[in-house]
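fold the following and give me the result.
(chains A and B)
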Amino acid sequence: NAGVTQTPKFRVLKTGQSMTLLCAQDMNHEYMYWYRQDPGMGLRLIHYSVGEGTTAKGEVPDGYNVSRLKKQNFLLGLESAAPSQTSVYFCASSNNPGRRPWGANVLTFGAGSRLTVL
Amino acid sequence: AQSVSQHNHHVILSEAASLELGCNYSYGGTVNLFWYVQYPGQHLQLLLKYFSGDPLVKGIKGFEAEFIKSKFSFNLRKPSVQWSDTAEYFCAARLPSGGYQKVTFGTGTKLQVIP
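Now for the predicted structure:
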């Protein structure tokens, strides 16, 4: 049982390049999230999805796009990378918070993807 | 906007000292509260959670947290820290905004335990 897997783990981009981060979960979770972690700012939600085919904006969505074509996968895209997008990106998943048992509402995180934009 | 705040950004303690990290949230209704820990070079792991019932919740590795509704707080405590507790600690909450779908995190507290 792998949990949440993110690829790639590291990537260096030049300004203006595009790339996609892949998140895959094998727990049959309905909800998936993309966060970015920056020093002194904690984790900020970029986009999230409450089910296959649905996505929604979080706190800092600008410059990012997402897709959830399959329940187990949640892709984060950068169309034109900027130095301000240098960060560590974490994917997480959980079950529907409206469903019991409540303990299933906990987020399970991936190992992170470190992105540097030059 | 509904939010989660952590007031201690960096805490340095000696081994065996007691720990209390503050967390406050800005909504007065039903909330689901969490503490996550990130050890150096690792991803976030759940320490403990509160959904309802007993406001004193116990988590892994001797950590506990107390939900005080009147103070909008969910402080993390440990009676005696160890060097292995050196990590960054995040308070988080599912708030009513967006139907509890989103999990909002505080800015984190870096704990350094000196042997």
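
tell me which residues form a beta bridge with B:Leu76?
Beta-bridge partners recorded for B:Leu76 (DSSP bridges): B:Leu21, B:Ala65.

number of nearby residues for it?
24 (other C-beta atoms under 10 Å in any protein chain shown). The C-beta positions use only the backbone N, C-alpha and C, and glycine is treated the same way.

A:Leu115 and chain B: what is the separation?
15 Å (C-beta to the nearest C-beta, to the nearest Å).

give the contact list for the nearest residue to that residue once chain neighbours are set aside.
Nearest residue to A:Leu115 in three dimensions, chain neighbours excluded: A:Arg11, at 5.3 Å (C-beta to C-beta, 6 or more residues apart in numbering or on different chains). A:Arg11 sits next to A:Met19, A:Ser113, A:Arg114, A:Leu115, A:Thr116 when contact means C-beta atoms under 8 Å, 6 or more residues apart in numbering or on different chains.

ok, the lowest-mean-pLDDT helix or strand in chain B: who's next to it in the sheet?
Ranked by mean pLDDT, DSSP states H and E, the helix or strand of chain B with the weakest confidence is strand B:103-105, at a mean of 89. According to DSSP bridges, strand B:103-105 forms sheet pairs with strand B:87-94 (antiparallel).

just the CA trace of the strand it pairs with, in PDB.
Taking Å, rounded to 0.1, in the frame of the first residue of the first chain, the C-alpha atoms of strand B:87-94 are listed here in PDB:
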ATOM      1  CA  ALA B  87      10.500  19.100  13.900                       C
ATOM      2  CA  GLU B  88       8.100  21.600  12.500                       C
ATOM      3  CA  TYR B  89       4.500  21.400  13.900                       C
ATOM      4  CA  PHE B  90       1.400  22.600  12.000                       C
ATOM      5  CA  CYS B  91      -2.000  23.200  13.400                       C
ATOM      6  CA  ALA B  92      -4.800  22.700  10.900                       C
ATOM      7  CA  ALA B  93      -8.600  22.900  10.700                       C
ATOM      8  CA  ARG B  94     -11.500  22.000   8.600                       C
END
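
near chain A, which residues of chain B?
B:6, B:9, B:32, B:34, B:36, B:42-46, B:49, B:51-52, B:90, B:92, B:94, B:98-108 (C-beta under 8 Å from any C-beta of the partner chain).

strands along the chain, start to end?
Just so you know, I chose chain A. A:4-7, A:10-13, A:19-25, A:31-38, A:42-51, A:54-57, A:65-67, A:73-78, A:87-94, A:108-109, A:113-117 (DSSP state E).

my bad, chain B
Counting by DSSP E, the strands of chain B are B:4-5, B:10-14, B:19-21, B:24-25, B:32-38, B:45-50, B:56-58, B:64-68, B:73-78, B:87-94, B:103-105, B:109-114.
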